[in-house]
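Asker: structure, please.
(2 chains)
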Amino acid sequence: MEILQLVLYGLILGSIFSLGAIGVSLTFGILRFANFSHGEMMTVGAYVAYTVYTLMALPFWVAVPVALLAVAGVAVLADRLLYRHFRRSQPIILLISSFGTALILRSAVQLIWGPENHLYSTEIQFAERFLGMMIKPDQIAILAGAVVLMVGLHLFLQKTRTGKAMRAVADNPELARLTGINTERVILWTWVLGGGLAAAAGIFLGMDTRLFPEMGWNLLLPVFAAAILGGIGNPYGAVVGGLVIGVSQELSTLVLDSTYKPAVAFTLMVIILIVRPTGIFSGRST
Amino acid sequence: MTTLLSIEGITGGYGEADIIHDLTMTVNDGEIVVIVGPNGAGKSTAMRSVFGLLKIRGGRILFRGEDITRESTDQIVRRGICYVPQTSNVFPSLTVHENLEMGAFVRKDDFSQTLEKVYELFPPLREKRRLPAGGLSGGQRQMVAMGKALMLDPQLLLLDEPTAGLSPKYMDQIFAIVAQVNALGIGILMVEQNAKQALGLAHRGYVLTNGANRHEDTGAALLANRNVAEMFLGG
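Answerer: Modelled structure (predicted):
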């Protein structure tokens, strides 16, 4: 049934959006700014995995952790060199700085790996039948990987001392400081987690489609739309937002040409901003 | 009697202008000290100066004889000084239990006994411990805020208008708890608008006007003082 197939594709794509949106929401909730370089962190993750797996011919389960650590490192470095100096500045300054970081990262990727498309592997995968729908092994891996990461994040935020401290800082940074929580430490963890999740999203995107320097930048709109839809600052809302946008985009192809897919994300974002600006699950109002 | 906290000639503010001028206050071991004064007198500012939340341009602050004027907020908290702000004093999306857990954040030891004591002091919190703190009533949120501060096992508690906006029933409860906490040996520095009840509880009090010292005496003496009564206690 075509609709179910589209919903499945929507969930796969939506999982990728969700992973990106979680990072955006975490960064917004704790650091209080919209990180426009989040897409590029996805791109870097995809390309680092490409280098380890495709170019160095190491196993995929080596490539993924290396890519996650690399992007976490890039995110922390960007914070140490740049964003840290603007902790008390207006959010717009941080936003523009992140825009600059995005340009630097995207250009670096193009310089190092070239502007042409790349693929993780030239093997052709055969789709398998599952409940009347077609799904490729890679896509199963994406769904499974996304679930594992989301559950892992949930457990981290709810059960660990650092996770709770992150939620506390997102709630009230000054009170957190008065409670003796080291906010700089929490910020470090935010970049590590956000960067790691972005890297995973980038890798999954590369697996499902292809690698090219603008891949992450192109996803910025649906990822932000997902974060806003779910309530910016709320990582759980981001998951729902991502899936809603993914499924909506795919279902829209029933009535619209597929080139309009980004418009679907944009429209949903505008609708939620008009009807319920804090998002489905009430994120931060800042 | 040993001096717990000594604020010596502090002058400072948040921005360019100074809000407090040459302010001097002490809290001795085991005392309840109350700060009263009209709105805008700089009472809250005086308390916040202890935590490095102010630009201090003169004077110093000593805790048990050590200079803490330039220390960072989390260093000061680690010394066992806890501050409960007037508003925004709980983490709304965290549960009551998680708020209390966060209160013990800097502690490296097992804090389950302290947690038990806090639940005994505030029975409604035990009942609502899995609910997000943001959904509680004003009085119960104040209990979470104080309970969270007590989780640190502090030596000194700074309370900024703990009964503000509360119903008389909760007001009495909070004052009773302040007395109980003090009986455990914890020093208390408290800003209160509810001057009469607060001074009745206090060992000593300071009256501030326009960011400077105006009167200082025992709680009872300030209550009996005609001038003070006229100014703040409603005659």
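Asker: what helices or strands is the strand of greatest length in chain B leaning on?
Answerer: Secondary structure of chain B per DSSP state E: the longest strand is strand B:3-13. For strand B:3-13, the packing partners by 3 or more C-beta pairs under 8 Å, 6 or more residues apart in numbering or on different chains; DSSP states H and E come out as strand B:20-28, helix B:43-48, strand B:55-63, strand B:187-191. C-beta here means a position set from N, CA and C on the backbone, and glycine is covered the same way.
Asker: residues contacting that strand, please?
Answerer: The set of residues external to strand B:3-13 that reach it, using C-beta atoms under 8 Å, 6 or more residues apart in numbering or on different chains, is B:18-29, B:31, B:45-46, B:49-50, B:54-65, B:81, B:155-156, B:187, B:189.
Asker: name the SS class of whichever residue of the stretch 101-250 of chain A sits closest to chain B, please.
Answerer: Proximity of the stretch 101-250 of chain A to chain B (C-beta to the nearest C-beta) peaks at residue A:180, 3.7 Å away. Secondary structure assignment for residue A:180 (DSSP: H, G, I helix; E, B strand; the rest coil): coil.
Asker: isn't it up against residue B:152?
Answerer: Yes: the pair residue A:180 / residue B:152 is scored as a contact, 7.4 Å apart, by C-beta atoms under 8 Å.
Asker: single out the most deeply packed of the helices and strands packed on strand B:3-13.
Answerer: Stretch with highest mean neighbour count among the helices and strands packed on strand B:3-13: strand B:187-191 (a mean of 25; mean count of other C-beta atoms under 10 Å in any protein chain shown).
Asker: is residue B:207 located within a helix, as I assumed?
Answerer: No: Residue B:207 is assigned strand when assessed by three-state DSSP, not a helix.
Asker: what helix or strand does the closest residue to it other than its chain neighbours sit in?
Answerer: Nearest non-adjacent residue to residue B:207, counting by C-beta to C-beta, 6 or more residues apart in numbering or on different chains: residue B:215, 3.9 Å away. Element membership of residue B:215, judged by DSSP states H and E, is strand B:212-218.
Asker: go through that strand and flag the buried ones.
Answerer: Buried positions in strand B:212-218, judged by neighbour count with 16 or more other C-beta atoms under 10 Å in any protein chain shown: B:212, B:213, B:215, B:216, B:217.
Asker: and those as a markdown table, adding pLDDT?
Answerer: Output for the buried residues of strand B:212-218, formatted as a markdown table (pLDDT from 0 to 100):
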| residue | pLDDT |
| --- | --- |
| B:212 | 88 |
| B:213 | 87 |
| B:215 | 85 |
| B:216 | 88 |
| B:217 | 87 |
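Asker: up against chain A, what does chain B have?
Answerer: Within chain B, the positions near chain A by C-beta under 8 Å from any C-beta of the partner chain are B:51, B:73-74, B:77-78, B:83, B:85, B:88-94, B:98, B:101-103, B:105-106, B:148, B:152.
Asker: mind doing that once more with 7 Å?
Answerer: B:51, B:73-74, B:77-78, B:83, B:88-89, B:91-94, B:98, B:101-103, B:105-106 (C-beta under 7 Å from any C-beta of the partner chain).
Asker: and the buried ones among those, selectable in ChimeraX?
Answerer: Only the buried members of the residues of chain B next to chain A enter the following ChimeraX selection, criterion being 16+ other C-beta under 10 Å:
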select /B:51,73,74,77,83,89,91,93,94,98,101,102,103,105,106
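Asker: in helices, which of the residues of chain B next to chain A appear?
Answerer: B:73, B:74, B:77, B:78, B:98, B:101, B:102, B:103 (DSSP state H).
Asker: next, format those as CSV and append pLDDT.
Answerer: Compiled in CSV, these are given as follows (pLDDT from 0 to 100):
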residue, pLDDT
B:73, 88
B:74, 85
B:77, 92
B:78, 91
B:98, 96
B:101, 95
B:102, 95
B:103, 94
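Asker: what is the nearest of the residues you listed to chain A?
Answerer: Nearest member of those to chain A, counting by C-beta to the nearest C-beta, is residue B:77, at 3.7 Å.
Asker: shared neighbours of residue A:180 and residue B:152, anything?
Answerer: Overlap of the contact sets of residue A:180 and residue B:152 (by C-beta atoms under 7 Å, 6 or more residues apart in numbering or on different chains) consists of B:77, B:106.
Asker: quick check: residue B:17 vs residue B:70, distance?
Answerer: Distance of residue B:17 to residue B:70, given as C-beta to C-beta, to the nearest Å: 21 Å.
Asker: the two: which is more packed in?
Answerer: Neighbour totals were compared for residue B:17 and residue B:70, and residue B:70 leads with 10 against 7 (other C-beta atoms under 10 Å in any protein chain shown).
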